[in-house]
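Chemist: 3D, please:
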Amino acid sequence: MKREEELRLEQGHLQGCLQIVRENIQRYEQAIGSYEAEIRDLYRAVQGGETSLYSQLVASQNILEHTENSLRKNRAALKKAYFGRIDYRDVTFRTEESLYIGKNGIQRDRDNVIIVDWRAPVSTVYYENGIGAGTYPVPGSEAVEIDLKRKRTYDVDGETVLGFYEDDVAANDELLVKYLSQNKEAVLGDIIATIQKEQNQIIRETPFKNIIVQGVAGSGKTTVALHRISYLLYNYGEHYKPSEFCIVGSSDMLLDYIASGLPELDVRNVKQMRMDVFLPYLMEGAFKKKYVLLKEGAEEERKSKLPFMEKLECFLRKRIEEALFQNDIEDEELGMLMTRENMRTIWAGTQDLSLLQLEKLFNERLASRIRFLTTEETPGKRKEKLLEYRNYFHSKDKKETEPGIYLEFLSELEETEPGAYCKTIAQVQKQQFDLYDTAAIALIWKRILLKKQTDEFSQIFVDEAQDFGETVYYAVSRILPKCYFTIMGDVSQNIHYETGMNDWEGLKCALFQEGRDSLYLLCKSYRNTIEISREAEKVLRYASRQAYRIEPVIRHGREAAYYQEKPEQLISRLQMILKDYQERGGYQTIAVITRNQEEADEVKWALKKTDERKKAQTLEKTDERKQTHAAEETGDRFVNGVMVLPIAATKGLEFDGVIVWKPDEAHYGKNPREAKLLYVAVTRALHEISFLSETAFTPLLQYTM
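Modeler: Below you'll find the predicted structure:
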């Protein structure tokens, strides 16, 4: 069949789907009106005292929420109904299937699916299978055998099929490059159509394991994490609720950026927290309001590494042994109540219990043993013995605190390593804690003073994970022993060189169970043009001694621009670059990236002073012509327009255009620590990058083969 005829048939199929979508929208809109009226009546009745109607009210509210969600999906389908099609023979059930796959699943009725949701198990065929024999997994069931006859990708815009592409959607396909060439705003909505095989494998990996994803800048780590959350909630709804998921990041701006993409993927009610907020949150009331959490603390490098936690574990284990296993418990009249060996056996099977929980358990075992041995005794005798051994184990009466125990541990370390922790001790005595102190006292709380196990979270997703040391993950994984972790990061972008992770070995030791958990590599960058990747590659040679090289998608753009100006001309040149980005490039997101916050403040002030407020401030687009709201007003939100930011605040973000401010040797020396910082700055750019300095550029940018 000629391509023109195929395109005509595909256009007809799209029109048929859209007609069903319009009918669905009309039906859902009418249903929502009826449900809202019913809920109002039920609410008044319940408020009036008819409490028997409360369950009916809740049920109606759930139905309304489901209907509103269906309406949202159908409205979205009017703009882009689907992106893929698979034709195959189901070998298992001996049927012929032709399925269209879209961002949102659409049904004509309960039994007729016209567009398959991208998260459905069968959609794996589109992302991973080549033409011919294959299988696709079904959660909780056997894999389904298929024989794939056709795989087609569509470029659909509203009511028009612009074109289609046969077979696999490869990294350099015309459609993928077209999507990546768009402004940042447009990309997330289209990325589902172009998820690559290696990304899809991570997204659809079982939730019952820990995974680390080492991905180069622009490899789609954050996008993969968001899609994985959406996939797991869609396919494992019987196991998880959204409230059991938590996204952990390094900054509010990163979390805001991530959260903005969740509704697009049909995900709501997932918590997001900075790591320094997450640890105290897990400790519930044990982390007192009077405690001060420091952004940077003393001796962090030592405390961020796994040996520090191993020493703390030994200290806490010794403390538990001294509290519980000193002697056999023998009564003069009743005989042996509990032996040390018996208590140790119980402990071996209850390693997740704290000292307080173990004492409660042992006290209960003692009481049970006494009741058994006093079966023939009078009630008075039994009561007497129960009172005698009541709260036999009673360390809770000592009124110990986590910081107090931590100080004991640090003092013990000081005996063997004089001076190594003196600054931390002074810090803790003032009730001031850095992130790694917090991880330590969280582990102390878990091992010694925890009264009731927390089970709020089942899945934790950490983005920019390399910015935190191994001890943090060790503590969190012990506090949440039944939780699984998806860790996303790039050790080449570790901006906390001394405390973060420059490889994944320590984290694997802290988190992984051999034979179950996995490390994935994403080496292909979809963010940067070839020209930007070339600049990043120069810096990467200094930033990472490992072989995590960038494999860019074949997408060209403008060459990197280098500007060296006199100090008094820097701001003027910056204004010219910003104007060019906005007018010529039409870019919606632009970042001026400085070395630190002080410089960011100086640049913003200088731009304001020269009456260029709209270009120098963090802007929020209100319409195509007007932009308002300064950076000081938007705080840590990621918004459209021009943002002046220090490197640390750009982690995990991307911008249409980037200007790197003063990339000279004074700001970025020829060493791995500062090379990682510059690497982060360079790789934030989607389409265009400029370097603006008043002195010679850093040698990191002058690398030649």
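
Chemist: S690 belongs to a helix?
Modeler: No. Counting by DSSP: H, G, I helix; E, B strand; the rest coil, S690 is not part of a helix but strand.

Chemist: I figured it was touching F655, is that so?
Modeler: No. S690 is beyond contact range of F655, at 12.0 Å (criterion: Cβ atoms under 8 Å). Yep, even glycine has a C-beta here, placed from its N, CA and C like the rest.

Chemist: neighbour-wise, which of these two wins?
Modeler: F655 (28 against 22; other Cβ atoms under 10 Å).

Chemist: where's that one relative to I590, distance?
Modeler: F655 sits 6 Å away from I590, going by Cβ to Cβ, to the nearest Å.

Chemist: and for Q427?
Modeler: 40 Å.

Chemist: who has more neighbours out of those two?
Modeler: Taking other Cβ under 10 Å, Q427 and I590 do not tie; I590 has more neighbours (24 against 20).

Chemist: let me know the pLDDT of that one.
Modeler: We have a pLDDT of 94 for I590.

Chemist: still on that earlier bit, shared neighbours of F655 and I590, anything?
Modeler: Among the neighbours of F655, those also in contact with I590 (Cβ atoms under 8 Å, 6 or more residues apart in numbering) are M643.

Chemist: show me the contacts for F393.
Modeler: Per Cβ under 8 Å, 6+ apart, neighbours of F393: A323, L324, L358, E359, F362, N363.

Chemist: so N528 makes contact with E537?
Modeler: No. Using Cβ under 8 Å as the test, N528 is too far from E537 to be in contact (10.0 Å).

Chemist: who touches both of those two?
Modeler: With Cβ under 8 Å, 6+ apart as the test, N528 and E537 both reach I550.

Chemist: okay, these two: which has more neighbours?
Modeler: Looking at N528 and E537 with other Cβ under 10 Å, you find the greater number of neighbours at N528, namely 29 against 16.

Chemist: so the more buried one sits in a helix?
Modeler: No. Secondary structure of N528 (three-state DSSP): coil, not part of a helix.

Chemist: going forward, begin numbering at 55 instead of 1
Modeler: New numbering, starting at 55: the last item is N582.

Chemist: now do it, the pLDDT please.
Modeler: pLDDT, N582: 85.

Chemist: and what of the one 3 residues further on?
Modeler: Residue-level confidence at E585 comes out at 92, pLDDT.

Chemist: any idea which strand is longest in the protein?
Modeler: strand 198-211 (DSSP state E).

Chemist: model confidence for the residue nearest to Y527 when sequence neighbours are not counted, exactly?
Modeler: Spatial nearest neighbour of Y527, excluding adjacent residues (Cβ to Cβ, 6 or more residues apart in numbering): A564 at 5.1 Å. Looking at A564, its pLDDT is 90.

Chemist: now do the one 3 residues further on
Modeler: The per-residue pLDDT reported for Q567 equals 86.

Chemist: least confident secondary structure element in the chain?
Modeler: The least trusted helix or strand in the chain, going by mean pLDDT, DSSP states H and E, turns out to be strand 681-682, with a mean of 32.

Chemist: and the residue nearest to Y527, what element?
Modeler: helix 559-565 (DSSP states H and E).

Chemist: what about the longest helix in this protein?
Modeler: With secondary structure taken from DSSP state H, the chain has its longest helix at helix 57-101.

Chemist: what pLDDT, on average, does that helix get?
Modeler: In the prediction, helix 57-101 has an average pLDDT of 94.

Chemist: give me the helices and strands touching that helix, please.
Modeler: When contacts are defined as 3 or more Cβ pairs under 8 Å, 6 or more residues apart in numbering; DSSP states H and E, helix 57-101 packs onto helix 108-133, strand 160-163, strand 166-171, strand 214-220.

Chemist: so what's the residue count around E442?
Modeler: 10.

Chemist: apologies, that question was intended for G194.
Modeler: Applying other Cβ under 10 Å, I find that G194 has 9 neighbouring residues.

Chemist: cool, L347 as well?
Modeler: By other Cβ under 10 Å, 16 other residues sit near L347.

Chemist: buried set for the longest strand of the chain?
Modeler: Neighbour counts using 16 or more other Cβ atoms under 10 Å place V198, I200, L202, K205, R206, T207, Y208, D209, V210 of strand 198-211 among the buried residues.

Chemist: surely the third one and Y142 touch.
Modeler: Yes. L202 is within contact range of Y142, at 4.6 Å (criterion: Cβ under 8 Å).

Chemist: which element is the closest residue to K357 other than its chain neighbours on?
Modeler: Among residues not flanking K357 along the chain, Y490 sits closest, at 3.7 Å (Cβ to Cβ, 6+ apart). Take DSSP H and E as the rule and Y490 turns out to sit in helix 489-498.

Chemist: a markdown table for the contacts of F447, including distance to E468?
Modeler: Shown next, in a markdown table, are the contacts of F447 (distance: Cβ to Cβ, whole Å):
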| residue | distance to E468 |
| --- | --- |
| A377 | 23 |
| L378 | 27 |
| L412 | 29 |
| E413 | 29 |
| F416 | 33 |
| N417 | 35 |
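
Chemist: relative to I246, which of those is nearest.
Modeler: Closest approach to I246 among these (Cβ to Cβ): L412, at 49.0 Å.

Chemist: measure the closest one to H293 for me?
Modeler: Look at L412 and H293: by Cβ to Cβ, they are 30 Å apart.

Chemist: so which of those two has more stuff around it?
Modeler: Using other Cβ under 10 Å, the more surrounded residue of L412 and H293 is L412, with 21 against 15.

Chemist: where in this structure is pLDDT low?
Modeler: 55, 222-245, 598-602, 665-692, 757-759 (pLDDT under 70).

Chemist: if you set the cut-off to 80 instead, what comes out?
Modeler: Scanning the chain for pLDDT under 80 picks out 55, 221-248, 449-451, 508, 596-608, 663-694, 757-759.

Chemist: for the residue lying farthest from the centre of it, grab phi and psi.
Modeler: Each residue of the chain has a distance to the centre, and by Cα atoms, centre = their mean the biggest one is for T432: 61.6 Å. Dihedral angles of T432 (phi, psi; degrees, to the nearest 10) stand at phi -70, psi 160.

Chemist: same check on T737?
Modeler: Torsion angles, degrees, to the nearest 10, at T737: phi -80, psi 10.

Chemist: on that earlier part again, just say which of the helices and strands packed on helix 57-101 is most tucked in.
Modeler: With neighbours defined as mean count of other Cβ atoms under 10 Å, these peak in mean count at strand 166-171, which reaches a mean of 19.

Chemist: can you list the strands that that one pairs with?
Modeler: strand 149-156 (parallel), strand 160-163 (antiparallel) (DSSP bridges).

Chemist: list the contacts of the shortest one.
Modeler: Residues from elsewhere that reach strand 160-163 (Cβ under 8 Å, 6+ apart): C71, I74, V75, N78, K127, N128, A131, A135, V167, I168, I169.

Chemist: how many neighbours does the nearest residue to K620 once chain neighbours are set aside have?
Modeler: Leaving aside its sequence neighbours, K620 sits nearest to E748 (Cβ to Cβ, 6+ apart; 6.6 Å). By other Cβ under 10 Å, 15 other residues sit near E748.

Chemist: might one say that E748 is in contact with K716?
Modeler: Yes. Counting by Cβ under 8 Å, K716 is a contact partner of E748 at 6.8 Å.
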